[in-house]
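Engineer: starting from these lines, generate the structure:
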Amino acid sequence: MSILLADGARVIVQGITGREGVARTRLMLGYGTNVVGGVTPGRGSEQVEGLPVYDTVQRAASELGPIDASVLFIPGPGVKDAALEALANGVRLLVIVPDRVPVQDVLEIKAAARDYDADFLGPNTLGVLAPDRWVLGMMGGRAESARQFFKRGVVGVTSRSGGITSSIAYYLAKAGVGASTIVHVGGDPVVGLPHPEIVRRFQADPETAAVVMFGEIGGTQEEQVAELIAGGVVTKPVIAYIGGKGTQEGTRFSHAGAIIEGGRGTREGKIDALIQAGATVVEDFDLLPEVTLQVMRARGIAV
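Structural biologist: Below you'll find the model as predicted:
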């Protein structure tokens with residue numbers, strides 16, 4: 001199984017009748033994800049891609065049976081209610097694609113997820129993809145592209161940038177390096193499963209032998225990963241690239257979660273922490289596949 005979802009797990013799409021909901025449901029079905037239905041209030045009894053649509057998650061669960069995961073294509077202000085409804089009805093993994101979700105709402109979702117022993121990716125995430133198995137969200141764009149771009153293997157990919165997530169996996173595949181699971185943790189300041197938690201799960205995953213991480217300025221996610229490595233919690237090789245060259249304090253790089261404030265979250269500080277902990281940090285993004293191969297060979301890890 002992947003680090004977040006077992007093969008064959010049952011998935012619904014909240015907001016399935018919207019433009020993105022329809023398009024991404026088609027992607028997920030085409031890639032092999034077991035999408036069993038969707039939810040849009042007021043649109044119950046309709047169908048999308050041959051799947052039943054329900055007015056509520058409760059109704060979906062009562063008719064479809066247990067639901068393992070939900071992918072949310074809900075406008076930001078409505079995400080909290082949709083997420084809490086899913087959690088209350090037994091869904092244990094949420095992929096929150098939209099951005100502009102109020103931070104206070106995310107904190108409430110986090111508290112509820114802890115209470116229900118559940119997880120969520122995002123907000124502001126492309127989702128998660130297990131090559132040749134399934135995808136949750138919108139990674140790859142179309143099923144045909146996802147099959148072409150991503151290769152199954154033993155490297156876990158975790159990234160704070162949506163576009164870079166796909167690029168890393170694509171260039172690794174071109175170099176002959178496949179991925180176990182590809183995760184975009186989300187671009188907002190507060191997310192459900194940040195880098196440290198994803199790296200912990202890659203450490204525990206028997207299908208993952210090494211981790212490639214794309215970090216950015218802002219926050220302390222990368223420093224926390226460094227602490228895990230230094231403390232011996234993470235022993236698998238971590239190869240990292242930190243984006244944000246040339247940024248200055250008070251400027252935002254790419255999205256809301258990548259901003260330097262008060263001298264914290266600098267690129268230099270993250271790089272120093274990772275190197276001192278024992279991670280391999282790549283200065284040139286284009287060298288990431290080559291360096292990953294070098295590290296794997298030095299550790300005796302088969303590609």
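Engineer: got any ranges where the stretch 1-150 of the chain has weak pLDDT?
Structural biologist: Screening the stretch 1-150 of the chain residue by residue with the criterion pLDDT under 70, one finds the ranges 1.
Engineer: where along it do the helices fall?
Structural biologist: Listed in chain order, the helices found in the stretch 1-150 of the chain under DSSP state H, counting those that start in this stretch are 19-31, 57-64, 79-88, 103-116, 143-149.
Engineer: give the buried residues for the longest one.
Structural biologist: Buried residues in helix 103-116, counting neighbours by 16 or more other CB atoms under 10 Å, are found at Asp105, Val106, Ile109, Ala112, Ala113, Tyr116. Bear in mind the C-beta positions are built from the backbone N, C-alpha and C, glycine included.
Engineer: one more: the third one?
Structural biologist: When neighbours are counted by 16+ other CB under 10 Å, the buried residues of helix 79-88 are found to be Val79, Lys80, Ala82, Ala83, Leu84, Glu85, Ala86, Leu87.
Engineer: how far away is the spatially closest residue to the fourth one that is not a sequence neighbour from Ile96?
Structural biologist: Closest residue to Ala83 apart from its sequence neighbours, by CB to CB, 6 or more residues apart in numbering: Ile109 at 4.8 Å. Taken as CB to CB, to the nearest Å, the spacing of Ile109 relative to Ile96 amounts to 8 Å.
Engineer: try Pro196
Structural biologist: Relative to Ile96, Pro196 is positioned 19 Å away (CB to CB).
Engineer: so between the two, which is more surrounded?
Structural biologist: Neighbours were counted for Pro196 and for Ile96 using other CB atoms under 10 Å; Ile96 has more, 31 against 21.
Engineer: from Ile74, how far out is the more buried one?
Structural biologist: In this view, Ile96 and Ile74 are 8 Å apart by CB to CB.
Engineer: can I get the helices of the stretch 1-150 of the chain in CSV including distance to Glu227?
Structural biologist: Putting the helices of the stretch 1-150 of the chain into CSV (distance: least, CB to CB, whole Å) gives the following:
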stretch, distance to Glu227
helix 19-31, 35
helix 57-64, 37
helix 79-88, 29
helix 103-116, 21
helix 143-149, 33
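Engineer: ok, which of those comes nearest Ser70?
Structural biologist: helix 79-88 (4.6 Å; CB to CB).
Engineer: run through who's touching the closest one.
Structural biologist: The contact list for helix 79-88, computed with CB atoms under 8 Å, 6 or more residues apart in numbering, reads 12, 14-15, 39, 56-58, 67, 70, 72, 74, 94, 96, 98, 101-102, 105, 108-109, 112-113, 116, 118, 120, 123.
Engineer: please save the CA atoms from it in PDB.
Structural biologist: Presented in PDB, the C-alpha positions along helix 79-88 are these (Å, rounded to 0.1, in the frame of the first residue of the first chain):
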ATOM      1  CA  VAL A  79     -14.300  23.600   2.900                       C
ATOM      2  CA  LYS A  80     -14.600  23.400   6.700                       C
ATOM      3  CA  ASP A  81     -18.200  22.200   6.700                       C
ATOM      4  CA  ALA A  82     -17.600  19.700   4.000                       C
ATOM      5  CA  ALA A  83     -14.500  18.400   5.700                       C
ATOM      6  CA  LEU A  84     -16.100  18.100   9.100                       C
ATOM      7  CA  GLU A  85     -19.100  16.300   7.600                       C
ATOM      8  CA  ALA A  86     -16.800  13.800   5.900                       C
ATOM      9  CA  LEU A  87     -14.800  13.200   9.100                       C
ATOM     10  CA  ALA A  88     -18.000  12.700  11.100                       C
END
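Engineer: got any ranges where the stretch 151-300 of the chain has weak pLDDT?
Structural biologist: Applying pLDDT under 70 to the stretch 151-300 of the chain flags the ranges 246-264.
Engineer: okay, helices next: where are they in it?
Structural biologist: For the stretch 151-300 of the chain, the helices defined by DSSP H, counting those that start in this stretch occupy 162-174, 195-204, 221-230, 267-277, 288-298.
Engineer: switch those helices over to TSV; also include distance to Gly21.
Structural biologist: Rendered in TSV, the data for the helices of the stretch 151-300 of the chain read as follows (distance: least, CB to CB, whole Å):
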stretch	distance to Gly21
helix 162-174	18
helix 195-204	25
helix 221-230	29
helix 267-277	36
helix 288-298	33
